[in-house]
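Q: Here's my sequence, what's the structure:
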Amino acid sequence: MVTLNVIEKARNQGRTALTELESKDLIAMQGLPVVRTSMATSRSTAISLAKEIGFPIVLKVLSPDIIHKSDVGGVKVGLTSSAAVGRAYDEIMSSARTHAPQARVQGVTVQKMARPGIEVILGVTRDSQFGPVLMFGLGGVMVEVLKDVAFRIPPLTRLDASQMIREIKGYPILQGVRGQPPVDIGALEDALLKLSGFVEEHPEIKELDLNPVFAYPDGILVADARVILESHA
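A: Just a heads-up that it's a prediction; the model follows:
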């Protein structure tokens, strides 16, 4: 029911793109671990939230009209002081107004910078013939450069999820290289299975991107999420 409320709110406002906060709420409802994220509509609130959450901090522009936040200078990472957060807030808001003047900017999201891990991407696209298609691969800029991804059509079994992860060329990185420990493959499989069930239950989901997802030896953490809904007929 809560999931439907988030989706219906966007529908009622004539939006197909969910905000980062809405997208993360949906993902958290499916039982995936998501980095704590709050909204700030002012410079002072951003600073207060940063102090409460703890440094280092990441700020990102919050707008239903800005899908690729980095393209408009809307992401600031590694902020280690209140002064840095304040400057970053001002710079993000100014840059968004300059590069996306028509966008509805609600403020910024404030989140603690995730501890380093292996970045992976989990995604969903809806094919007109096959329906939802799940994707898994190395995340961050690697997915754009290497395009090293695997696909499956839901419903996924545990074996499907396992094979998806193991068939990408970058799988040895997940196993641990140069003395690094292997990541928690079971947690990645669980995440793929949860996404499989989620998109099957919600045909209104057109696209879903979790990127980056940090994979650790002891679990995973979703650092960013994007959900696009099907347009109304």
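Q: gap between the longest strand along the chain and the chain center?
A: Looking across the chain with DSSP state E, the single longest strand is strand 205-216. Distance of strand 205-216 from the chain centroid (CA atoms, centre = their mean, to the nearest Å) equals 5 Å.
Q: What strands flank that strand, and is each parallel or antiparallel?
A: strand 118-127 (antiparallel), strand 219-222 (antiparallel), strand 225-229 (antiparallel) (DSSP bridges).
Q: model confidence over that strand, on average?
A: Mean pLDDT, strand 205-216: 95.
Q: Would you mind putting the CA coordinates of that strand into PDB?
A: Listed next in PDB are the C-alpha coordinates belonging to strand 205-216 (Å, rounded to 0.1, in the frame of the first residue of the first chain):
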ATOM      1  CA  ILE A 205       7.700   0.600 -13.400                       C
ATOM      2  CA  LYS A 206       9.300   1.400 -16.800                       C
ATOM      3  CA  GLU A 207      12.900   1.800 -15.700                       C
ATOM      4  CA  LEU A 208      14.800   1.300 -12.500                       C
ATOM      5  CA  ASP A 209      18.500   2.000 -11.900                       C
ATOM      6  CA  LEU A 210      20.400   1.400  -8.700                       C
ATOM      7  CA  ASN A 211      23.800   2.800  -9.400                       C
ATOM      8  CA  PRO A 212      26.000   2.800  -7.600                       C
ATOM      9  CA  VAL A 213      25.300  -0.100  -5.200                       C
ATOM     10  CA  PHE A 214      28.400  -0.700  -3.000                       C
ATOM     11  CA  ALA A 215      29.200  -4.400  -2.500                       C
ATOM     12  CA  TYR A 216      31.100  -5.300   0.600                       C
END
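Q: Let me see the domain layout of the chain.
A: 36-113, 118-229 (automatic domain parsing).
Q: In a markdown table: those, plus distance to Ala10 and mean neighbour count.
A: In short, each C-beta sits where N, CA and C put it, glycine included. Converted to a markdown table, the domains of the chain look like this (distance: least, CB to CB, whole Å; neighbours: other CB atoms under 10 Å):
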| stretch | distance to Ala10 | mean neighbour count |
| --- | --- | --- |
| domain 36-113 | 8 | 18 |
| domain 118-229 | 6 | 18 |
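Q: weakest of those domains in terms of mean pLDDT?
A: Lowest mean pLDDT of the domains of the chain: domain 118-229, a mean of 92.
Q: Now the terminal residues of that domain, how far apart.
A: By CA to CA, to the nearest Å, the extent of domain 118-229 from end to end equals 29 Å.
Q: if I look at the residue nearest to Ser81 when sequence neighbours are not counted, how far off is Leu221?
A: The shortest distance from Ser81 to any non-neighbouring residue, by CB to CB, 6 or more residues apart in numbering, is to Phe55 (6.9 Å). Taking CB to CB, to the nearest Å as the measure, Phe55 falls 17 Å from Leu221.
Q: Same list (the strands paired with strand 205-216) but as CSV, adding distance to Gly176.
A: Shown next, in CSV, are the strands paired with strand 205-216 (distance: least, CB to CB, whole Å):
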stretch, distance to Gly176
strand 118-127, 9
strand 219-222, 15
strand 225-229, 27
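Q: wait, which of these is closest to Thr109?
A: Smallest distance to Thr109 across the strands paired with strand 205-216 (CB to CB): 10.8 Å, for strand 225-229.
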